[in-house]
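*Asks:* just coords:
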């Protein structure tokens, strides 16, 4: 009787876990779709408006008088492009290496002011097709990880970061190495409760594995996921 | 440029007006036609056989429908297939999605340049001029991991190691001279060599090819 109850309890827990996982994935997918729609609104709406305004200024006869406004429009335009790219990162559905490269460029530009973020990338030229949702999960995980790390970091400390995308036989592997200024800083980073949520979130959303390892001043994060046939 | 025929395709009327004004000012004798949806654009291009098409990516199939990047990409795919020597400028706020057409762009024999909508007027006109000249210009991301085809290497070798001109290269490779010119534009795009006042394009190509170790 007791063993029957135990088995029923375990089955019930597995079902609840599976249902929660499905619900969270659904939530993430809906959120991503909404972000893509917002990005499209920026690209097809605001950026078209600024294009028209800038061309009118550029075509105006008194070019010297409007130069200041042209510069302002250029600044606004740049921010809108960055906003739309942050909402829906480009290349996600085409190439994961390209998407990571593009994300890194934006991250370096907007990283915590004063912090010297240097990201060394080792990305293959060719990568098999990933489902869009998996690329979005990986980019979100990467973005969250490095924003948390950048926030923790002393603004004046140099903190080189390297990202490597590896193609294993049946799975993909994304390794992020963060080189802290001291062993203490690396140890302290590992104690952050927010960073501890990351492996669990990745496991639930991507059905993958995320591990964390510290060696002296270097902290390595490794994201692993199975290719194609497994469902995301 | 007398007799130049241009088709501009964009779903936003004001964008269309601005672009036409800019082009008409630059090319006063050009005949410029416009379309706001892919179906009308295709008919217009077939009818007018233009020298240049300036096309947006977010387009509706029919007037009044929702604009989608996928629809614009499909139009471009069709243009690259049906009009292999057509000069094209993609003017878009989301040009990064063009990476999906990379293989078709690589084999296109006409000019092909990309002008992000955030580009200043002068730079946009440069991209238009390049396309009319038959130049291929793609963003750096689309050239990641320098991909050089064997026939491009052969052109480089025959030109810079044997000193042959296009006609002789074409004879040696048993292809049309036009094909050799197409190989030049492709290899120059891969190497990031574009027309620059006061500089010789072929010499710049040789310098870059040597830097990349493509020729000894």
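*Replies:* Looks like it arrived, so ask away. In this text, all values refer to a predicted model and were calculated from it rather than measured experimentally.

*Asks:* flag every buried residue along stretch B:44-63.
*Replies:* By neighbour count on 16 or more other C-beta atoms under 10 Å in any protein chain shown, the buried set for stretch B:44-63 is B:44-45, B:50-61. Placement of C-beta: from N, CA and C, glycine included.

*Asks:* need the contact list for residue A:127.
*Replies:* A:95, A:96, A:97, A:165, A:167 (C-beta atoms under 8 Å, 6 or more residues apart in numbering or on different chains).

*Asks:* closest to chain B out of the residues you listed?
*Replies:* residue A:95 (7.0 Å; C-beta to the nearest C-beta).

*Asks:* contacts only, for that closest one.
*Replies:* Residue A:95 neighbours (C-beta under 8 Å, 6+ apart): A:127, B:99.

*Asks:* phi, psi of it?
*Replies:* phi -150, psi 120 (degrees, to the nearest 10).

*Asks:* could you pull up phi and psi at the nearest residue to residue A:212 once chain neighbours are set aside?
*Replies:* Among residues not flanking residue A:212 along the chain, residue A:221 sits closest, at 5.7 Å (C-beta to C-beta, 6 or more residues apart in numbering or on different chains). Backbone dihedrals for residue A:221, given as degrees, to the nearest 10, come out at phi -110, psi 130.

*Asks:* surely residue A:221 and residue A:163 touch.
*Replies:* No: with contact defined as C-beta atoms under 8 Å, residue A:221 and residue A:163 do not form a contacting pair (9.6 Å).

*Asks:* which residues does the residue nearest to residue A:212 contact?
*Replies:* A:145, A:175, A:176, A:177, A:178, A:198, A:210, A:211, A:212.

*Asks:* show the pLDDT at it.
*Replies:* On pLDDT, residue A:221 comes in at 95.

*Asks:* who is it paired with across the strands?
*Replies:* residue A:176, residue A:212 (DSSP bridges).

*Asks:* can you give the contact residues for the worst-scoring helix or strand of chain B on mean pLDDT?
*Replies:* Least confident helix or strand, chain B: helix B:102-107 with a mean of 82, by mean pLDDT, DSSP states H and E. Contact with helix B:102-107 is made by B:77, B:80, B:81, B:98, B:112, B:136, B:138, B:142, B:186, as judged by C-beta under 8 Å, 6+ apart.

*Asks:* cool, stretch B:35-42 as well?
*Replies:* B:7-11, B:13, B:16, B:44, B:53, B:55, B:59-63, B:65, B:71-72, B:74-75, B:78-79.

*Asks:* setting aside sequence neighbours, what's the nearest residue to residue B:178?
*Replies:* residue B:109 (7.1 Å).

*Asks:* how many neighbours does the one you found have?
*Replies:* The tally of other residues near residue B:109 (other C-beta atoms under 10 Å in any protein chain shown) stands at 19.

*Asks:* ok but it is inside a helix, no?
*Replies:* No: under DSSP: H, G, I helix; E, B strand; the rest coil, residue B:109 sits outside any helix and is assigned coil.

*Asks:* can you list the residue ranges for helices in chain A?
*Replies:* For chain A, the helices defined by DSSP state H occupy A:2-41, A:47-59, A:63-87, A:96-110, A:132-152, A:183-190, A:193-206.

*Asks:* in stretch B:124-140, which residues are buried?
*Replies:* Within stretch B:124-140, judged by 16+ other C-beta under 10 Å, the buried ones are B:124-132, B:134-138.

*Asks:* and residue B:145, what's its pLDDT?
*Replies:* Residue B:145 is given a pLDDT of 56.

*Asks:* which residues of chain A lie near chain B?
*Replies:* A:40, A:43-44, A:47-48, A:51-52, A:54-56, A:58-59, A:70, A:74, A:77-78, A:81, A:84, A:90-91, A:94-95, A:97-98, A:101-102, A:125-126 (C-beta under 8 Å from any C-beta of the partner chain).

*Asks:* the same query, at a cut-off of 6 Å, please.
*Replies:* A:43-44, A:47-48, A:51-52, A:55, A:58, A:77, A:81, A:90, A:94, A:98, A:125 (C-beta under 6 Å from any C-beta of the partner chain).

*Asks:* possible to save those residues as TSV with pLDDT and neighbour count?
*Replies:* TSV is the format used below for the residues of chain A next to chain B (pLDDT from 0 to 100; neighbours: other C-beta atoms under 10 Å in any protein chain shown):
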residue	pLDDT	neighbour count
A:43	93	26
A:44	91	21
A:47	94	24
A:48	94	22
A:51	94	25
A:52	94	18
A:55	92	22
A:58	89	19
A:77	91	22
A:81	92	21
A:90	90	20
A:94	80	20
A:98	89	21
A:125	75	11
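
*Asks:* contacts only, for residue A:85.
*Replies:* Residue A:85 makes contact with no residue, according to C-beta atoms under 6 Å, 6 or more residues apart in numbering or on different chains.

*Asks:* from residue B:149, how far off is the residue nearest to the spatial centre of chain B?
*Replies:* The residue lying closest to the centre of chain B (C-alpha atoms, centre = their mean) is residue B:112, at 0.4 Å. The gap separating residue B:112 from residue B:149 is 16 Å, by C-beta to C-beta, to the nearest Å.

*Asks:* around chain A, which positions in chain B sit nearby?
*Replies:* B:12, B:14-15, B:18, B:58, B:67, B:93-94, B:96, B:99-100, B:117-118, B:121, B:141, B:145.
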